[in-house]
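Trainee: Give me a model of this one.
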Amino acid sequence: MILRVIGLLALGSLIVAPTPGATGGCGNADEPAPFASSCSEWRAWDCVRARTRGELADDDALQACVDEQDQRCRDIGDWPLDCQPFPTMRAVNNCIEQLQRADMVNVPLEEIPECDFCP
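Mentor: Numbers count the residues shown, from 1 in each chain. Below is the predicted model of the structure:
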């Protein structure tokens, strides 16, 4: 009977253990960020910042800016090969957090260290 209980506990620990490589529960934060969607997102936030600063006249101009930047990102295609290691999702999210801050709205994108992915 005791051996059966020990066997069930051992089997139970194998069932609930994390899979190799999935420890920590952080998802894909350290995976390389997909270029086109990441680029589109940080550039869209830069358009929002331009609208906040009054550089874009209205919401139509904001949408045109976002669309133009999205197309530019798609035209570029991928991270430059000399930009290695490629930025992670965590790095892109850190950049976007800086772009969303109201106290950073007047700081040019190029001067935000968290957004300098390929120094």
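Trainee: When you work out contacts or count neighbours from here on, use the C-alpha atoms and nothing else.
Mentor: Fine.
Trainee: Secondary structure element holding the residue nearest to residue 38 when sequence neighbours are not counted?
Mentor: In this structure, residue 38 finds its nearest non-sequential neighbour in residue 92, 6.7 Å apart by C-alpha to C-alpha, 6 or more residues apart in numbering. In the assignment (DSSP states H and E), residue 92 maps to helix 89-100.
Trainee: what do you get for residue 69?
Mentor: Using DSSP H and E, the element containing residue 69 is helix 59-76.
Trainee: just to revisit the earlier point, mind listing what's buried along the helix holding residue 92?
Mentor: 89, 91-93, 95-96, 98-99 (16 or more other C-alpha atoms under 10 Å).
Trainee: And those, which two are furthest apart?
Mentor: 89 and 99 (15.2 Å; C-alpha to C-alpha).
Trainee: which residues sit against stretch 64-81?
Mentor: 34-37, 39-40, 43-44, 47, 86 (C-alpha atoms under 8 Å, 6 or more residues apart in numbering).
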